[in-house]
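A.B. asks: Dropping a prediction and its sequence here:
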Amino acid sequence: MTTATLAPLSPVLASDSPFVRRLRRMSGLKAIQESAAHGTGFFPFSDGLGVRVQMAERGRVILSATPTDGHSSWPGFTHGGFTATLCDTACALAALSTVRRGTKAVTGNFSMNLLQPVPAGSFRISCVGRATQTQGPRILAHADVTTPDGTLLAHSTALFLTKDLMG
């Protein structure tokens with residue numbers, strides 16, 4: 001039997017990342033807006049895929065990304081995992097935009113419907129995330145991925161669980 005050795009966590013995941021430091025001292029919305037203005041990342045995985053925040057307001061974010069041929073499963077078509085990451089990130093940031101200082105939100109449940117194949121390497125896609133309901137420590141969010149002409153490519157729903165970062 002072979003035992004896998006896990007690599008150390010990326011420093012960006014550590015509690016001293018710029019985004020986590022911002023969440024400790026300001027509301028989720030302010031942390032998102034400040035990070036976007038400084039061009040610093042939010043989550044290492046989505047940052048590595050080129051996901052960018054275009055707009056953030058309380059309960060709503062707009063992200064964009066350009067899937068490349070390197071994100072393909074079949075030639076010319078984006079892998080569903082790329083689209084899922086874009087949706088999960090949009091939902092997460094929409095949920096975080098509603099929380100007070102010192103709070104984190106993690107995905108508890110996520111589902112996505114791919115409505116059409118997402119072309120790779122041809123244009124930027126947008127993803128609008130919306131936090132639609134809060135009940136205690138749970139936040140429900142939705143995201144839609146569209147082409148530049150507004151064609152709906154994917155829809156997702158996610159449930160986030162909030163927790164105090166200080167504890």
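C.D. replies: It's in. Numbers count the residues shown, from 1 in each chain.

A.B. asks: and the residue lying closest to Arg22 once chain neighbours are set aside, which of the three is it?
C.D. replies: The shortest distance from Arg22 to any non-neighbouring residue, by Cβ to Cβ, 6 or more residues apart in numbering, is to Ala31 (3.7 Å). (Glycine included, C-beta is placed from N, CA and C.) Here Ala31 takes the helix state, with states given by DSSP: H, G, I helix; E, B strand; the rest coil.

A.B. asks: same question, Gly50
C.D. replies: coil.

A.B. asks: any idea how far Gln135 is from the closest residue to it other than its chain neighbours?
C.D. replies: The spatially closest residue to Gly50, leaving aside those adjacent along the chain, is Ala65, at 5.3 Å (Cβ to Cβ, 6+ apart). From Ala65 across to Gln135, the span is 30 Å (Cβ to Cβ, to the nearest Å).

A.B. asks: Pick out whichever of those two has more residues nearby.
C.D. replies: The neighbour comparison of Ala65 against Gln135 (other Cβ atoms under 10 Å) goes to Ala65, with 22 against 8.

A.B. asks: thought that one was touching Gly48?
C.D. replies: No. In this structure Ala65 lies outside contact range of Gly48 using Cβ atoms under 8 Å: 10.9 Å.

A.B. asks: re earlier: list the contacts of the residue nearest to Arg22.
C.D. replies: Shown in contact with Ala31 (Cβ atoms under 8 Å, 6 or more residues apart in numbering): Phe19, Arg22, Leu23, Leu96.
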